[in-house]
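Colleague: What would the 3D arrangement of this be:
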Amino acid sequence: MLETALKFRRVFSGLSLPDGEDLNDNERPPEPEDWEKVERLVLFLGGFYLLTKRISGSHYVTANKGLGEIASMYDMLNNWEQSEDLNFQAMAIAMKKKFDKYWGDVDKMNKFIYVALLLDPHSKMVIVELTLTDMHGPEKGTKLANDVKEFAYSLFEEYRKMYATSNIPDCGDNMSMDIDNSKGVGSDYVRKLKERAKRLKGTSGYAISELDRYLNDQLGPEEEEQDALTWWGKNGQRYVILNRMARDILAIPLSTVASESAFSTGGRTLDPFRSSLTPKMVQALLCTQDWLRAKEVPIVDVEENLKELEEIEKEVQRGESNDVDDEVVFVDSLV
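Modeller: Have a look, this model is predicted:
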């Protein structure tokens, strides 16, 4: 609204022309200093608006954007705290307190936010470490990065146990078979030994994990333009287990709050309609909220439809109760 008002600044200035009547101070058009405040407010809120839009999407992956958006907000607030404009500085300080409340204690943060960025082929561990050191300093940032890497490896190991057990060859049986076949062969022993060693390298104790290969591999020129989902769709066969891990983690939505509700200055008001819904209806709305948001159905239309459905439901219930009463009367007459 403020951004739109700025486009019509000259129209508002026309309202200041004298018309022969005294105007109340509260009804005067905006003065030049008022417009300067509006410009700063648009700049301040614009960053949060764009951030909210990016992390509240439901048609694309948001999990891998979490840490980057948090770091961007942190940097933005730090810069605004140094502003020469006292009003701007006061807003930044107040917002920084809210930021520290939710994101200041890194020990309480969900580590999946870091792992999701690690599983973005454009970022990997390098971006995770740089982001953490920028936010928390070299010493603490490096320690946090090591903790994230350790957590990622432990998580990968859990996935390996779940999905790779059936693919690991039984080296004991193959070894005994090769020994039996190598009896009397002589010159074939070295070849068979190499084959056994090759199979042994496929086990967890000898193999370089997919996570190691993924972190060390470099993106090609064409891959630089691909988003995370497209990249994993084309390279999933190279990292079979890690692909499953990425599928599960990248599917986690970064925000479960609607974009129009985030950073709202108003309270969460329950009108009579929302507060009187039955548990079944609330559950139905929660389960279908993505569909409703995707179609951009106005809440007024939804409210009207639900009222009609409630009336139909009441009529059905009254009809069922009348049927029961008729059955009771019929039974009494027989008795």
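Colleague: What is the burial count for the residue lying closest to residue 249 once chain neighbours are set aside?
Modeller: Excluding the flanking residues, the one nearest residue 249 by C-beta to C-beta, 6 or more residues apart in numbering is residue 116, at 5.3 Å. Using the backbone N, CA and C atoms, a C-beta is placed for each residue, glycine as well. Neighbour count for residue 116, taken as other C-beta atoms under 10 Å: 26.
Colleague: Would you tell me what helix or strand the nearest residue to residue 46 once chain neighbours are set aside is located in?
Modeller: The spatially closest residue to residue 46, leaving aside those adjacent along the chain, is residue 3, at 7.5 Å (C-beta to C-beta, 6+ apart). Using DSSP states H and E, residue 3 falls within helix 2-7.
Colleague: now swap in residue 248 and tell me
Modeller: Using DSSP H and E, residue 248 falls in helix 240-250.
Colleague: Residue 39 now?
Modeller: Assessed by DSSP H and E, residue 39 sits inside helix 32-55.
Colleague: Tell me the helices and strands packed up against that helix.
Modeller: Helices and strands touching helix 32-55, by 3 or more C-beta pairs under 8 Å, 6 or more residues apart in numbering; DSSP states H and E, are helix 2-7, helix 66-81, helix 86-103.
Colleague: Tabulate the ones you listed (a markdown table), appending mean neighbour count.
Modeller: A markdown table is the format used below for those (neighbours: other C-beta atoms under 10 Å):
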| stretch | mean neighbour count |
| --- | --- |
| helix 2-7 | 11 |
| helix 66-81 | 18 |
| helix 86-103 | 14 |
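Colleague: Throw these into TSV and include distance to residue 237 and mean pLDDT, thanks.
Modeller: Shown next, in TSV, are these (distance: least, C-beta to C-beta, whole Å; pLDDT from 0 to 100):
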stretch	distance to residue 237	mean pLDDT
helix 2-7	47	73
helix 66-81	27	87
helix 86-103	37	84
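Colleague: Any chance of those helices in CSV with distance to residue 44 as columns?
Modeller: Formatted as CSV, the helices and strands packed on helix 32-55 follow (distance: least, C-beta to C-beta, whole Å):
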stretch, distance to residue 44
helix 2-7, 10
helix 66-81, 7
helix 86-103, 6
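Colleague: which stretch among the ones you listed comes nearest residue 156?
Modeller: Closest to residue 156 of the helices and strands packed on helix 32-55 is helix 66-81 (C-beta to C-beta; 18.8 Å).
Colleague: And residue 317, how close does it get to residue 311?
Modeller: 11 Å (C-beta to C-beta, to the nearest Å).
Colleague: Repeat that for residue 159.
Modeller: 51 Å.
Colleague: Neighbour count for those two, which is higher?
Modeller: More crowded of residue 159 and residue 311, by other C-beta under 10 Å: residue 159, with 19 against 10.
Colleague: And what about that one, helix, strand or coil?
Modeller: At residue 159, secondary structure determined by DSSP: H, G, I helix; E, B strand; the rest coil is helix.
Colleague: Please give me every residue in contact with it.
Modeller: 241, 242, 244, 245 (C-beta atoms under 8 Å, 6 or more residues apart in numbering).
Colleague: Could you check how far the second one is from residue 122?
Modeller: Relative to residue 122, residue 242 is positioned 16 Å away (C-beta to C-beta).
Colleague: quick revisit: can you list contacts of the helix holding residue 248?
Modeller: Contacts of helix 240-250 with the rest of the structure, by C-beta under 8 Å, 6+ apart, involve 61, 63-64, 112, 115-116, 119, 155-156, 159-160, 163-164, 210-211, 214, 228-229, 232, 235-237, 239.
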